[in-house]
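[1] attaching a predicted model along with its sequence, questions to come.
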Amino acid sequence: MKLFFSLVEAMSVFLVIAYLYCKSPGFKPLMGESLRRRDKLYLYVFFSIISIMGTYLGMPVRDAIANTRAIGPVLAGIIGGPVLGLAVGFTGGMHRYFLGGFTAFSCGLSTTTEGLIGGLVHLYLCRRGPSEKIFKPQVAFVTAFFAEVVQMLIILLFSRPYGNAIELVKAIAIPMIVSSAIGAALFMSIIRDQKNRYDSLGALFSDKAFKIAERTINIMQKGFVGDAPANIAKIIYEETGVGAVAITDTERVLAFVGSGSDHHKPGSPIAASETRKAIQDRQVIFLDGVNDHYCCALSAKCSLDSVLVVPLHIDTEVIGAIKLYEPRNKAFLNMNKSLGEGIARLLSSQLLLSRYHHQQDLLTIAELKLIRAQVNPHFLFNALNTIISIIRNDSARARGLLIELSNFFRKNLKRNADLSTLQEELDHVNSYLKIEKARFENRLVIETSIDPTLLSLKIPTFTLQPLVENSIKHGISQMLDQGKTKISAYRENGFAIIEIEDNAGTFDEAKQSKDGLGISIVDKRIKNLLGKDFGTSVTCIPQEMTRVTVRFPVEGCHE
Amino acid sequence: MMRALIVDDELHAREELEALLQETGEFVVVGQCGNAIEALREIRQQKPDVLFLDIQMPTINGFDFLSMIDQEILPATVFVTAFDEYAVKAFEENALDYLVKPVETDRLAKTIRKLKKSLGQGIRPVYASPEIRSIPCITTHRIKLIGIGEVEFVRSDLAGVYVVSPKGEFFTELTLAVLESKTNLVRCHKQFLINIERIDEILLEDSNSPRIRTKSGATVPVSRRYFRRLKELLGF
């Protein structure tokens, strides 16, 4: 009985070690899914020490040592596999061997075998499926139990004189088997609990991070404009549960939520030197409230004591900072610190994305202005030359054409709205075509076929005119024969289709990409508004016809 | 009075210019043409002194068109352009003068002085002009451009000049002389030009003159007069 208690005592020492181990950085390898070579070396050293300590903490019994040496190799085997188990077992065994005694050889051998047994259990569990069972205390119990039984058999087999061996086993078998099994099980259960805690912390962390990402992404689409900073700050405040959250640009506080919002006012210049330093040096600044304290520059009554300042970037440019505070009576959680830095990274990439979208929009607007500017001088010039010629013979017609020209430009100027009805687009195109018709006379024939129910269809302004102009500029005007341009609008398979077709067949993709902004910009705008299922497509049979088809939803576009 | 022909693809531009020319009292406008084919015919029939030629025309621009006119009857040429960018090039091509649309009467007066001087000296104009890359031909209802590479041979008879390609035979207003000087087609007979690239074999028979078989199987006569040069070109 005394022996049993002494073994329990040794076991307790191990459990304390196990507990300490779980709190140490050395435990980290066990949190991951798989062990790297370095992790295994780490575990080898650790469990070898456990094994050797088991020998020293044992009790001399009849020229042998009753001990808990087995726990080390068995656990190493279960956790790290046969190689690790064997290595730890061999180390512990060799150590025992050199201590001598009539069981020196058999104990050395059996310790090695126990490591192997643990390793085989590891292999068996891994092959059976999810490796979670490895960390079950029951498994450790059964394995250690069995391993110690095997050890007893080995002692009986190899230790001589046989009589002594029998006596020894009788005395130590039950205490050693029981204490080692329980010890292994408890050791494992401590490891498992710690591992689970880490896992659930991780889950909580990811959960919060995802929630913040999900809630901010819509707000961030337009960038840091309007009340976006205030909304973002509120979300972070709610999700992290910190004392207060602030967002600044490089000069001013854009938003502040939480305790202290009575004196931290949005719109005021940045008061804290930490924030200015973080922005200037592009680095994260953390005042933990223990060694370094945050001192509010605005109010002596301010309860905020710890702060994390993370700069916000777009590309390499710092555009502001995000700040998380905790009051004096609350510790700044490590989790919130990493979460805060993560949020800043998230917001930075969202800002980059929104700037990109914004620039895309600007680009489209610029391109649109460009076609208006680029096209009209040529058109105006040709129109004026035509009218100059007509005035001589038919001044009334010339007057009519000038009115049409005036109409065309008035519509050009007035049409600032993003969307127009098909009717408005057709009116615009008609003014344009009347003038072109005068220029080309019988070389240009225009046909229209419009489904009247589509006249109220809302489409992006300047969809039709660039396409018709393309057809004439790059098509009809290049023809020796009579040119025909046909404009049609109809319904098909639940789509509204607008088509511009000519009989020139001179569409040249290479040329289009160079100077034909027309089609691509029309397409880009429609896709921006409605998605990739809509937009333009071009069919061309060289020397026969070119057809530009524009596809819209029958309900048109929405503002 | 100078006899003038106007070539421009736009009706109103032609009429405007005709009216301006008439007003000066220096010109008789012998015709207006909207495309190169008509213009070649008119030049041959009317033999005008002056050609007012628009540069920006579909398919065959003013420069191309100049290459297609027989040197013998090439009129003094004034380019008319709507776009100033061609102005410099117009001089490079060595046209007599150029006018920018809309034409101003003062500027036209200057052109008239130049024209009178040039025509008074009685020198035939010679303008540098580009190679002809494709030959405009007339089919029943459209003008077809045949790339030089597609041409097997060109023949002429009393009815006119025909371009023969594997796809058929097409009438053209261009003369053999123009085609010989402005393309790489080679004269092999008084009435034939051959595309060397399209020769399949040359048949040499003692009794007859040599004949060429083209890749699509047509036969083209070769006269003794041109045979030596043809052989040189072919490298034997």
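    Received the coordinates, thanks.
[2] just give me the neighbour total for A:Ser206.
    Other residues within reach of A:Ser206, judged by other C-beta atoms under 10 Å in any protein chain shown, total 10. Bear in mind the C-beta positions are built from the backbone N, C-alpha and C, glycine included.
[3] my error: substitute A:Ser261 in the last question.
    Neighbours of A:Ser261 using other C-beta under 10 Å come to 15.
[4] local confidence estimate at it?
    On pLDDT, A:Ser261 comes in at 84.
[5] what of A:Ser34?
    At A:Ser34, the model reports a pLDDT of 64.
[6] same deal with A:Thr55?
    Model confidence at A:Thr55 (pLDDT) stands at 83.
[7] how close does it get to A:Gly72?
    Distance from A:Thr55 to A:Gly72, counting by C-beta to C-beta, to the nearest Å: 10 Å.
[8] so for these two, which sits in the more crowded spot?
    Per other C-beta under 10 Å, whichever of A:Thr55 and A:Gly72 has more neighbours is A:Gly72, with 31 against 20.
[9] chain neighbours aside, what residue packs nearest to the more buried one?
    A:Ser51 (3.1 Å; C-beta to C-beta, 6 or more residues apart in numbering or on different chains).
[10] and that neighbour, what element?
    Element membership for A:Ser51 (DSSP states H and E) is helix A:37-56.
[11] my read: A:Met220 touches A:Leu351, true?
    Yes - using C-beta atoms under 8 Å, A:Met220 makes contact with A:Leu351 at a distance of 6.7 Å.
[12] in chain A, which spans are strands?
    With DSSP state E, the ranges of strands along chain A come out as A:59-61, A:64-66, A:244-248, A:253-258, A:285-287, A:304-314, A:317-327, A:419-421, A:444-450, A:458-460, A:483-492, A:495-502, A:535-541, A:545-553.
[13] how near is the residue lying closest to A:Ile476 once chain neighbours are set aside to B:Phe83?
    Nearest non-adjacent residue to A:Ile476, counting by C-beta to C-beta, 6+ apart: A:Gly483, 3.3 Å away. For A:Gly483, the distance to B:Phe83 (C-beta to C-beta) stands at 21 Å.
[14] grab the nearest non-local neighbour of B:Lys190.
    The nearest residue in space to B:Lys190 (C-beta to C-beta, 6+ apart) is B:Ser223, at 6.4 Å.
[15] count of neighbours near A:Asn493?
    7.
[16] enumerate the residues of chain B near chain A.
    Chain B comes close to chain A at residues B:9-13, B:15-16, B:19, B:34-35, B:58-60, B:82, B:101-102, B:141-143, as judged by C-beta under 8 Å from any C-beta of the partner chain.
[17] could you list which of those belong to helices?
    B:Leu11, B:His12, B:Ala13, B:Glu15, B:Glu16, B:Ala19 (DSSP state H).
[18] who wins on neighbours among those?
    B:Ala13 (26 neighbours).
[19] where are the low-confidence patches of chain B?
    For chain B, the stretches flagged by pLDDT under 70 are B:85-94.
[20] ranges for the helices of it?
    Under DSSP H, chain B gives helices at B:11-24, B:36-46, B:62-67, B:86-92, B:105-121, B:176-182, B:224-234.
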